[in-house]
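K.L.:
Sharing a sequence plus its predicted fold:
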Amino acid sequence: MKLKTLLLCSVICILLTTVACGNNATNTNVKGTNTDKPATTDTNKDPEATTTGLKGDFEIQYFVGGYGDAWWLEVIEGFKKANPDLNIIQSAGPKINEQMQPRWISNDPPDVIYIDGAGSNERQMVVDDQLMDITSFLDTAVNVDGEKIKDILISQPSVFNGDKNYNLPLVFGSWGMFYDKALFTKNNWAVPTNWDEFIAVSEQIKASGMPALLHTGVYPYYINGGLIDSAMVAANGGDTSILTSQVNLEEGSFSNDAVKKALAQFMQLVDKGLIDPGSVALNHTESQAQWLQHKAAFIPNGLWLENEMKNDTPEGFDFGFIPSVAQAAGENNIVIPYTATIAIAKDAKNPEAAKAFLQYAFTKQNALRWAELTGAIMNVKADLSNSSASGVVKDAMNFFNADTTVVAPVTILNADVEKVKQDSTLALSIGKITPEEWMTRLEEAAAKARK
């Protein structure tokens, strides 16, 4: 369900999100004009404080995939109640990006667009000058609860053209390491908090007759995102600039000391036989299904995992999540994120309403409702402990809210370099190449891309 979007990202440099990862669902609801569905929750305390007086037409384009449209309907209805003179038009559905493309080409876009799903490419929209520069707006914008929006974000907006913001991450997801809490409790295995503990429990697991780690070999970006990228940041002292330097194709960024240390850590798993050798032939659903059957204890994956496999999850299985395992004892956890973003069209006909909608949507209450209605995480730090969100989502949010967690920026490699990285990581995982060869391949690919 999420795979096509992620793979497309790695091939043609479309953001995840990502991401995010619900992009090929079969929901066929396509919205036209104002919805009559009432909100189930009064999502904000005093929305009129910043939205009173808005009039005219206001159009929102949003993709409807695995996350559904319940959150959108609820938030838009609340925004409508706060602005009764505003005519809100919803352009939505699973094929909305394709359907709206002619309007974007003819400079007749909606006011706001949620950039997710097949046919969406936020980087290309920036290149094509279709999105509004919202840098100054975001520098001072507060939500309807009086909180500065930037201060409550998990992941900050991507930077383009040196220092410009053209979109705001709405959906936040994270790569990481997953395990079954029930299995660990049953076997008295300690949940690792650092690399030494991860190696120790992995060896204990192997001694029990079970492979410690299974991964999606057909799509190696799973193990890159779920293990190697966070290992590089951890080896760089928690400094995420190592990933930015790689995106910028800086010479030496794929062979510096932090990369060497991260690859040496990975080779411990290979040399100790802690990775299931059968992983190399598995796609995402195959590896996930085997992991659910306890064919291995750990799997590097994304936060969509629980929702994607909900129909195949055995009774009693209890999803556990760790954002990173490669850090030293006492060092911060590392989050490697993917996001799906929301933006204002450069040619928006009602830019004031568009900005007000962002201020209305980005609240902690709406983040809580996103978790409850979608099973995923909105890009806002919120307390989900008393919500109906799933356990793994609550665990993840606890990590994201913690002062001991470093959240890396969303980064996308040059497509050709990304392909070399995936192929090299897969070869490294089965001992076909050495870490030195991995680094040489990546440096050569980066040099070629620079030219």
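P.N.:
Received the coordinates, thanks.

K.L.:
Neighbours of F137, how many?
P.N.:
For F137, the count of nearby residues is 18 (other Cβ atoms under 10 Å). C-beta here means a position set from N, CA and C on the backbone, and glycine is covered the same way.

K.L.:
what does the one 5 residues further on give?
P.N.:
Here the number of neighbours of V142 (other Cβ under 10 Å) works out to 16.

K.L.:
isn't it right next to K148, touching?
P.N.:
Yes - look at V142 against K148 with Cβ atoms under 8 Å: they come within range, at 5.3 Å.

K.L.:
just how off-centre is stretch 212-231 within its chain?
P.N.:
How far stretch 212-231 lies from its chain's middle: 15 Å, per Cα atoms, centre = their mean, to the nearest Å.

K.L.:
Now do the buried residues in it.
P.N.:
Using 16 or more other Cβ atoms under 10 Å as the test for burial, stretch 212-231 gives 212-231.

K.L.:
Kindly report the same for stretch 114-133.
P.N.:
Residues of stretch 114-133 classed as buried: 114-123, 125-126, 130-133 (neighbour count, 16+ other Cβ under 10 Å).

K.L.:
And G162, what's its pLDDT?
P.N.:
Looking at G162, its pLDDT stands at 80.

K.L.:
who's in contact with it?
P.N.:
Contacts for G162 (Cβ atoms under 8 Å, 6 or more residues apart in numbering) come out as none.

K.L.:
For the residue nearest to P435 when sequence neighbours are not counted, what is the enclosing helix or strand?
P.N.:
Closest residue to P435 apart from its sequence neighbours, by Cβ to Cβ, 6 or more residues apart in numbering: L263 at 3.7 Å. Element membership for L263, per DSSP states H and E: helix 257-271.

K.L.:
which outside residues touch that helix?
P.N.:
With contact meaning Cβ under 8 Å, 6+ apart, helix 257-271 is reached by 195, 199, 202, 212-213, 227-228, 231-237, 242, 253, 274-275, 326, 428-431, 435, 438-439.

K.L.:
Could you look up the next helix or strand downstream of that helix?
P.N.:
The helix or strand immediately downstream of helix 257-271 is helix 284-292, counting by DSSP H and E.

K.L.:
Could you list the residues in contact with the next helix or strand after that next one?
P.N.:
Proceeding N to C from helix 284-292, the next assigned helix or strand is strand 299-302, under DSSP H and E. For strand 299-302, the surrounding residues in contact (Cβ under 8 Å, 6+ apart) are 2, 6, 19, 21, 173-179, 213-216, 222-223, 225-227, 287-288, 291, 305, 338.

K.L.:
of the contacts of helix 257-271, buried ones?
P.N.:
Buried, going by 16+ other Cβ under 10 Å: 195, 199, 202, 212-213, 227-228, 231-236, 242, 253, 274-275, 326, 428-429, 435, 438-439, out of the contacts of helix 257-271.

K.L.:
Tell me where the stretch 301-450 of the chain has helices.
P.N.:
Assigned by DSSP state H, counting those that start in this stretch, the stretch 301-450 of the chain shows helices spanning 305-308, 351-361, 364-374, 391-401, 415-429, 435-450.

K.L.:
Out of the ones you listed, which is closest to R103?
P.N.:
Closest approach to R103 among the helices of the stretch 301-450 of the chain (Cβ to Cβ): helix 351-361, 15.7 Å.

K.L.:
Measure how far that closest one is from the centre of its chain, please.
P.N.:
Here helix 351-361 is found 23 Å from its chain centre; the criterion is Cα atoms, centre = their mean.

K.L.:
go on, stretch 102-113?
P.N.:
Relative to its chain's centre, stretch 102-113 lies at 26 Å (Cα atoms, centre = their mean).

K.L.:
cool, stretch 145-163 as well?
P.N.:
Going by Cα atoms, centre = their mean, where stretch 145-163 is centred and where its chain is centred differ by 16 Å.

K.L.:
Repeat that for stretch 400-418.
P.N.:
Offset of stretch 400-418 from its chain centre (Cα atoms, centre = their mean): 9 Å.

K.L.:
Is it correct that V380 is in contact with K150?
P.N.:
No - V380 lies out of contact with K150 (Cβ under 8 Å); the separation is 11.0 Å.

K.L.:
So between the two, which is more surrounded?
P.N.:
When neighbours are counted by other Cβ under 10 Å, V380 and K150 differ, and V380 comes out ahead with 26 against 16.

K.L.:
what residues are up against the more buried one?
P.N.:
For V380, the contact set (Cβ under 8 Å, 6+ apart) comprises 152-154, 362-364, 366-367.

K.L.:
now, which of those residues sits nearest S424?
P.N.:
Nearest to S424 among the contacts of V380 is I154, at 30.2 Å by Cβ to Cβ.

K.L.:
What number of residues are in the vicinity of that closest one?
P.N.:
By the criterion of other Cβ under 10 Å, I154 has 23 neighbours.

K.L.:
I'd say it and K381 touch.
P.N.:
Yes - counting by Cβ under 8 Å, K381 is a contact partner of I154 at 5.8 Å.

K.L.:
Now do the shared contacts for these two.
P.N.:
Jointly contacting I154 and K381 under the rule Cβ under 8 Å, 6+ apart are F400.

K.L.:
Now distance to M100 too, for the helices of the stretch 301-450 of the chain, in a markdown table please.
P.N.:
Below are the helices of the stretch 301-450 of the chain laid out as a markdown table (distance: least, Cβ to Cβ, whole Å):
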| stretch | distance to M100 |
| --- | --- |
| helix 305-308 | 26 |
| helix 351-361 | 16 |
| helix 364-374 | 22 |
| helix 391-401 | 30 |
| helix 415-429 | 25 |
| helix 435-450 | 32 |
